[in-house]
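[1] Fold the following, please.
(2 chains)
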Amino acid sequence: MNAILQTHALGKRYGKRQALADCTLELPPGHVVGLVGPNGAGKTTLLKIACGMLAPTTGRIEVLGNEPNGTPAQLARVGYVAQDTPTYSALSVGDHLTLGARMNPRWDAKLARARVEQLNLDPKQKAGKLSGGQRAQLALTVAVAKRPELLILDEPVASLDPLARRGFLRHLMESVAENDTSVILSSHLVSDLERVCDYLVVLVSSRVHLAGETEELLAQHYRIVCTRRAPSDLPAGLDVIWAEHSDRQSTFVVRTQTGLPTGDWSAEHLELEDLVLAYMERAVEPGRFTTTPTGDTR
Amino acid sequence: MIDFHLDARSGISPYLQIVGQVRQALLLGLLSEGDKLPTVKEVVAKVAINPNTVSKAYRELEHLGLAAAKPGVGTFITRSLGHASLAEHGPLQQELRAWLTKARAAGLTEPGIEAMFQNTLRESAEEEK
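    Sure, this is the predicted structure:
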């Protein structure tokens, strides 16, 4: 299995600001990878480096086995839809397809036309007059019709209403099923990614905090509710990700690779959103959840 | 052809929801032997989920002996469960009715009953794994 994206200690610095730090990742092919993290976490920076639009300050990156170097051969293999799905507002829908055909050696004109028809877009319509949802669909159509091996989308649905969001994701999933394209898409909302992503990367404050197949991650994490106790009083093999203590009760989010031992607690699996939030909170306040509870009775 | 729908808040993984909906369609007689299931592409174009989720559900249906894939053609139902099977479980349904009466008498409201049923179902499914 050749990774679609492989980074080693990748970093990007803008002046004094570290936008991405020590990012080591290996994303297997054939997945829809969700890159999730709060605004400003470094998602866009990572995606732009992967497309070859930005050069990293430190570390190494390979996309589909090559350095993203901006050569035509590499560009043809990677489709990129930038934040807010930009289109050329003065150009018509049809112009976008003509432009796509001229600029992309592997352009699939039949697919592009069929998609525009299916979306009920008027080829003569100026892109500037389209609704947000239609514009996003047009940007996706152009990216898919170039038949990339990897499709990278930066916050594609953030600015769309729920209906347009669903329509966009349906179109995206259909393209994945049709062409076996690998996808990386970013979002600051887990709920956008929950159904479509089968691989998850959590990026917070410029660092990767969690990466893995969604189903495995869900199976490995539990929420434990028990009488008040210190994290160190939990059995070995449980990695405490998050904790909260009241005067008599403790709640932990734990990760285990070997299954959960039985104990004097109630345990259940978490929803993806809660799991991601636990990692985000830990990333913001490292150390807070692993120390012994002392004074913080609530 | 049947349509799938997904409940994000059910706590049941999407692929198991699809498996469950095929079973249910079989029990209700909406599907029977020889029927074709929608293709992966058709499913994801309707419900916007990951194609691998659908493939996994279909593999599970094959594993359960309910469906078989014909390469290049599609996935087909190989066994009918039919209307009869629910009716065959009449005694079980009567027990459930009796239990519901008891639950109401004990002061449980409908949401409470549903929650208890869902929780117990999930727990027993996990125990049997």
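
[2] For the rest of this, base every contact and every neighbour count on C-alpha atoms.
    Will do.

[3] how about the helices in the chain?
    I went with chain A, as the question did not name one. A:43-51, A:72-77, A:93-103, A:109-118, A:132-145, A:162-179, A:190-193, A:214-220, A:272-284 (DSSP state H).

[4] hm, I was asking about chain B
    Under DSSP H, chain B gives helices at B:14-27, B:40-47, B:51-63, B:84-88, B:90-105, B:110-128.

[5] Nearest to chain A, out of those helices?
    For those, the distance to chain A is smallest for helix B:40-47, at 4.7 Å, taking C-alpha to the nearest C-alpha.

[6] And that closest one, what does it pack against?
    helix A:162-179, helix B:51-63 (3 or more C-alpha pairs under 8 Å, 6 or more residues apart in numbering or on different chains; DSSP states H and E).

[7] Using CSV, lay out these together with mean pLDDT, distance to residue A:9 and mean neighbour count.
    Shown next, in CSV, are those (pLDDT from 0 to 100; distance: least, C-alpha to C-alpha, whole Å; neighbours: other C-alpha atoms under 10 Å in any protein chain shown):
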stretch, mean pLDDT, distance to residue A:9, mean neighbour count
helix A:162-179, 92, 30, 20
helix B:51-63, 94, 30, 19
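
[8] Please render these as a markdown table that adds distance to residue B:120 to the earlier fields.
    Output for the helices and strands packed on helix B:40-47, formatted as a markdown table (distance: least, C-alpha to C-alpha, whole Å):
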| stretch | distance to residue B:120 |
| --- | --- |
| helix A:162-179 | 33 |
| helix B:51-63 | 23 |
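
[9] about what we covered before: so which of the helices of chain B is the most surrounded?
    Greatest average neighbour count among the helices of chain B goes to helix B:40-47 (a mean of 21), per mean count of other C-alpha atoms under 10 Å in any protein chain shown.

[10] Next, the angle from it to helix A:162-179.
    170 degrees (axes from the mean of the first three to the mean of the last three C-alpha atoms, to 10 degrees).

[11] relative to helix B:51-63, how tilted is helix B:40-47?
    120 degrees.

[12] Just tell me which of the helices of chain A ends up closest to chain B.
    Chain B lies closest to helix A:162-179 among the helices of chain A, at 4.1 Å (C-alpha to the nearest C-alpha).

[13] how far away is the spatially most central residue of chain B from residue B:61?
    For chain B, the residue nearest the mean C-alpha position is residue B:20 (1.6 Å; C-alpha atoms, centre = their mean). Distance, residue B:20 to residue B:61, using C-alpha to C-alpha, to the nearest Å: 10 Å.

[14] Residue numbers of chain A in contact with chain B?
    A:32, A:166-167, A:169-171, A:173-174, A:176-178, A:195-198, A:271 (C-alpha under 8 Å from any C-alpha of the partner chain).

[15] List the contacts of the nearest residue to residue A:55 once chain neighbours are set aside.
    Closest residue to residue A:55 apart from its sequence neighbours, by C-alpha to C-alpha, 6 or more residues apart in numbering or on different chains: residue A:49 at 5.9 Å. Residues in contact with residue A:49 (C-alpha atoms under 8 Å, 6 or more residues apart in numbering or on different chains) are A:55, A:56, A:68.

[16] Reformat those as JSON lines; add distance to residue A:7.
    Shown next, in JSON lines, are the contacts of residue A:49 (distance: C-alpha to C-alpha, whole Å):
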{"residue": "A:55", "distance to residue A:7": "13"}
{"residue": "A:56", "distance to residue A:7": "11"}
{"residue": "A:68", "distance to residue A:7": "11"}
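
[17] Roughly how far does the most centrally placed residue in chain A sit from residue A:79?
    Centroid-nearest residue in chain A, with C-alpha atoms, centre = their mean: residue A:35, separated by 1.7 Å. Residue A:35 is 16 Å from residue A:79, where distance means C-alpha to C-alpha.

[18] now do residue A:128
    From residue A:128 over to residue A:79 (counting by C-alpha to C-alpha), the distance is 22 Å.

[19] Likewise for residue A:182?
    Going from residue A:182 to residue A:79 by C-alpha to C-alpha gives 10 Å.

[20] shared neighbours, the two?
    Common neighbours of residue A:182 and residue A:79 (C-alpha under 8 Å, 6+ apart) are A:149, A:150, A:151.

[21] looking at the sheet around residue A:227, what are its partners?
    residue A:249 (DSSP bridges).

[22] What residues does chain B have near chain A?
    Counting by C-alpha under 8 Å from any C-alpha, the residues of chain B near chain A are B:11, B:14, B:40-42, B:44-52.

[23] Could you identify the most distant pair in the residues of chain A next to chain B?
    A:178 and A:271 (29.1 Å; C-alpha to C-alpha).

[24] circling back to that earlier point, for the helices of chain B, which has the smallest mean pLDDT value?
    In terms of mean pLDDT, the lowest-scoring of the helices of chain B is helix B:84-88 (a mean of 63).

[25] returning to what we had before: compare residue A:128 and residue A:79 (neighbour count), which wins?
    Between residue A:128 and residue A:79, residue A:79 has the larger neighbour count (other C-alpha atoms under 10 Å in any protein chain shown), namely 23 against 16.

[26] which residue sits closest to the more buried one in space, ignoring its chain neighbours?
    residue A:151 (4.5 Å).

[27] Now for chain A, the helix or strand with the poorest mean pLDDT.
    Every helix and strand of chain A was ranked by mean pLDDT, DSSP states H and E. The lowest is helix A:190-193, at a mean of 85.

[28] hey, C-alpha coordinates of that one in PDB?
    What follows is helix A:190-193, C-alpha atoms only, in PDB (Å, rounded to 0.1, in the frame of the first residue of the first chain):
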ATOM      1  CA  VAL A 190     -17.200  16.900  12.900                       C
ATOM      2  CA  SER A 191     -20.900  16.600  12.000                       C
ATOM      3  CA  ASP A 192     -20.000  17.400   8.400                       C
ATOM      4  CA  LEU A 193     -17.500  14.600   8.200                       C
END
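
[29] Contacts for that helix, please.
    Identification of contacts with helix A:190-193 by C-alpha under 8 Å, 6+ apart yields A:34, A:36, A:157, A:187, A:272, A:273, A:276.
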